[in-house]
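# only the shape, not the letters, is given here:
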């Protein structure tokens, strides 16, 4: 009977760190390494792979079992807009199935087939895209995958784990305030992951929180203030001129129609401190409660 399925009984004595246990674990790891295409040099998860860590820990330098034939290797699936699946690296641990079914409760991923043909499938082994599966692209399966079977398409080739710096922040989209790790290389975000065991998201992110950060580098972002001219066109202006114009216009409006004639909307993509200062400006300085925030909806 397998140790993982042996029921606990009174007086049972369990040994988890013996020579026999080590040999059994080492053999299982060698089986896993021989079961697929585990080439660490070309794998996107190199440096962030549990199988690689265990192979190193148990000092596995060569395989005693024949590797899987090339004709039996699954082709890479990249139809999904955010996720690449490479079943030739899958070890059938079931973490993605559990995450999708029990954490996200979406049930887009399950086990398929039996025996040596077992594999992870979506929608009855349909394509892993927005048309043929129930995937909502949250990326939780990628987050929990211990090997390189599931990787992020956007992050491919942009940086190894040891090349990036992790910076903790709060998701800028809705009012939930999910905690994120930004993986930054040379001042640019490579990918985003969730902070484990942190409130309120407990290691989970939605599709926007995990993948929708391209706006940071959009060429359409305003970098300097713009003032509309009499001909209707905008011109770039320094901050001093812009702030002076805003103050004078606000004073005119308040004098003519009162402070409630002015309203403001704060953006969730700004930091919380900026949103706090904006509502303070409107309530304490201008004298109106006409302040809203896009995260409220």
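On my side now, so go ahead. Values in this document were obtained by computation on a predicted structure and should not be read as measured data.

# sec struct for residue 168, please.
With DSSP: H, G, I helix; E, B strand; the rest coil as the basis, residue 168 sits in strand.

# so it makes contact with residue 178?
No - using Cβ atoms under 8 Å, residue 168 is not in contact with residue 178, being 11.4 Å away. C-betas here are computed from N, CA, C, even on glycine.

# okay, those two: which has more neighbours?
The residue with more neighbours, out of residue 168 and residue 178, is residue 178; 24 against 10, by other Cβ atoms under 10 Å.

# that one reaches residue 202, doesn't it?
No - if you go by Cβ under 8 Å, residue 178 and residue 202 don't touch, sitting 9.3 Å apart.

# can you give the domain ranges for this protein?
Domains of the chain are assigned by automatic domain parsing as 158-221, 226-296.

# residue 136 is nearest to which of those?
Smallest distance to residue 136 across the domains of the chain (Cβ to Cβ): 6.3 Å, for domain 158-221.

# show me where this protein has helices.
19-34, 50-57, 95-98, 140-144, 207-211, 239-257, 272-280 (DSSP state H).

# quick one: the first one to helix 50-57, angle?
The directions of helix 19-34 and helix 50-57 differ by 130 degrees, with axes from the mean of the first three to the mean of the last three Cα atoms, to 10 degrees as the criterion.

# packing partners for helix 19-34?
If contacts are counted by 3 or more Cβ pairs under 8 Å, 6 or more residues apart in numbering; DSSP states H and E, helix 19-34 sits against helix 50-57.

# per-residue pLDDT, residue 69?
Here the pLDDT value assigned to residue 69 is 63.

# actually, residue 173.
84.

# just residue 180 next, same as before
96.

# just give the number of residues close to residue 216.
12.

# same check, this time on residue 239
As a measure of burial, residue 239 has 9 neighbours, counting by other Cβ under 10 Å.

# likewise the one 10 residues further on?
Using other Cβ under 10 Å, residue 249 has 11 neighbouring residues.

# could I get the contacting residues of it?
By Cβ atoms under 8 Å, 6 or more residues apart in numbering, the contact set of residue 249 is empty.

# i'd like the first residue to be 17 from this point on
Yes, from this point I'll number from 17; that puts the last item at residue 265.

# roughly how far apart are it and residue 293?
To residue 293, residue 265 is 20 Å away according to Cβ to Cβ, to the nearest Å.
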